[in-house]
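Peer 1: Need coordinates for the below:
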Amino acid sequence: MTNETNEPGLDPRLLEMLICPMTRGPLRYDRARNELISEKAGLAFPIRNGIPVMLVEEARPLEP
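Peer 2: Numbers count the residues shown, from 1 in each chain. Model prediction:
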C-alpha cells in the first residue's frame, strides 16, 4: 500500500492496536500528512518509513 508521497501506508490492523500514549484514546490516520492524530491530546504523531513514532516529544501540536 502506498500513499500520495510514495511512502509506505499504515497497516489497518496496526491502527486498530495503537492508542495515544498520553490519553490512551483512539488515533485517526491522516493519509495526506502521514500522521496518526490524537484529537483528545491535540497531537499528531509522525509515521516514518512506515513506522509510527509514538513519542510525545516527537509529536506536533494540532492547529486550532
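
Peer 1: Enumerate every residue touching the closest residue to Ser38 other than its chain neighbours.
Peer 2: Leaving aside its chain neighbours, Ser38 sits nearest to Cys20 (3.8 Å; criterion: C-beta to C-beta, 6 or more residues apart in numbering). In this view, the C-beta of every residue, glycine as well, is placed from N, C-alpha and C. Shown here is Cys20, whose contacts under the criterion C-beta atoms under 8 Å, 6 or more residues apart in numbering are 26-27, 38, 40-41, 43.

Peer 1: spatially speaking, which residue is in the middle of this structure?
Peer 2: Leu36 (1.5 Å; C-alpha atoms, centre = their mean).

Peer 1: Surely that residue touches Ala44?
Peer 2: Yes - A contact is recorded between Leu36 and Ala44 when judged using C-beta atoms under 8 Å, the distance being 7.1 Å.

Peer 1: tell me, what's touching those two both at once?
Peer 2: With contacts taken as C-beta under 8 Å, 6+ apart, Leu36 and Ala44 have Asp30 as neighbours in common.

Peer 1: Please write out the alpha-carbon positions of whichever strand or helix holds Leu15 in CSV.
Peer 2: Leu15 is part of helix 12-17, with elements assigned from DSSP states H and E. Output in CSV follows, covering the C-alpha atoms of helix 12-17 (Å, rounded to 0.1, in the frame of the first residue of the first chain):
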residue,chain,number,x,y,z
PRO,A,12,-5.1,-1.1,9.2
ARG,A,13,-4.6,-3.9,11.7
LEU,A,14,-1.8,-1.9,13.3
LEU,A,15,-4.0,1.2,13.6
GLU,A,16,-6.6,-0.9,15.5
MET,A,17,-3.9,-1.8,18.1
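
Peer 1: helices and strands around it, which ones?
Peer 2: Using 3 or more C-beta pairs under 8 Å, 6 or more residues apart in numbering; DSSP states H and E as the contact test, no helix or strand touches helix 12-17.

Peer 1: Any buried residues in stretch 39-58, and which?
Peer 2: The neighbour-count check on stretch 39-58 (16 or more other C-beta atoms under 10 Å) flags 41, 43-47, 52, 54 as buried.
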